[in-house]
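> Predicted structure and sequence below. I'll ask about it afterward.
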Amino acid sequence: LFLLSQDAPAPRLVLPCGGGFGLRLGLTLVWLAGATLTGWGVERTWTGAGGDAYWRTAANWGVTLPRNGDDLVFPFSAARKLNTNDFTSLSIGSLTFTGSGGGYTLRGRALAIAGGIGTTGITGENRIELPLTLEARQTFETGGVLSSLVVAGDIALGANALTLDATGGLTLSGVLSGSG
């Protein structure tokens, strides 16, 4: 039986042992109030070089398919900007659109995300038309004044806060649910 004790300043793992005494381990968990947990996976960049526009086609990601925890990058230079998440269950770190021009539309099955969505140095519009589930507090942001991000899928917040940081346009047109 493991218990998590939130003794200041960081929680510690406590192992109960006989006689009601707890043995404190030197293992300290990183406690960053409000921070999202990203960087657990690998950055996977969409190339669109496969024979279709489906996420489960390895050639569309170079060689290796995304795995849970990976950070997904969609660069302007890639092919097949209208593409489909056909994973049954995928939980990613973050999703980023890069480069100038936009033009992406992401469709398909629901996607869980822990580290936010962003655009960097972009002009043009990118659309996310698939349902999202937030796994942590996070930010959706647009980086360029002439950029636009449209999230048209429903967003399940759970108890997680969502911050919108829009230098350019940022539209949420799906249903927001949860207490976040």
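Done, it's in. Numbering: from 1, shown residues only.

> Isn't L149 up against T120?
No. With contact defined as Cβ atoms under 8 Å, L149 does not count as touching T120 (11.3 Å). In short, each C-beta sits where N, CA and C put it, glycine included.

> These two: which is more packed in?
L149 (26 against 14; other Cβ atoms under 10 Å).

> quick one: which helix or strand includes the more buried one?
strand 147-151 (DSSP states H and E).

> any idea which helix or strand comes after that strand?
strand 155-156.

> packing partners for that following strand?
strand 132-134, strand 176-177 (3 or more Cβ pairs under 8 Å, 6 or more residues apart in numbering; DSSP states H and E).

> re the thing from before, what touches both of L149 and T120?
Shared contacts of L149 and T120 (Cβ atoms under 8 Å, 6 or more residues apart in numbering): F97.

> for L176, what are its contacts?
D154, I155, L157, L162.

> Poorly predicted segments of this protein, please.
Residues of the chain meeting the criterion pLDDT under 70: 1-40.

> switch the cut-off to 50
Along the chain, the model assigns pLDDT under 50 to residues 1-39.

> related to what we said a few turns ago, for the helices and strands packed on strand 155-156, could you give me JSON lines that also reports distance to T167?
Shown next, in JSON lines, are the helices and strands packed on strand 155-156 (distance: least, Cβ to Cβ, whole Å):
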{"stretch": "strand 132-134", "distance to T167": "21"}
{"stretch": "strand 176-177", "distance to T167": "22"}
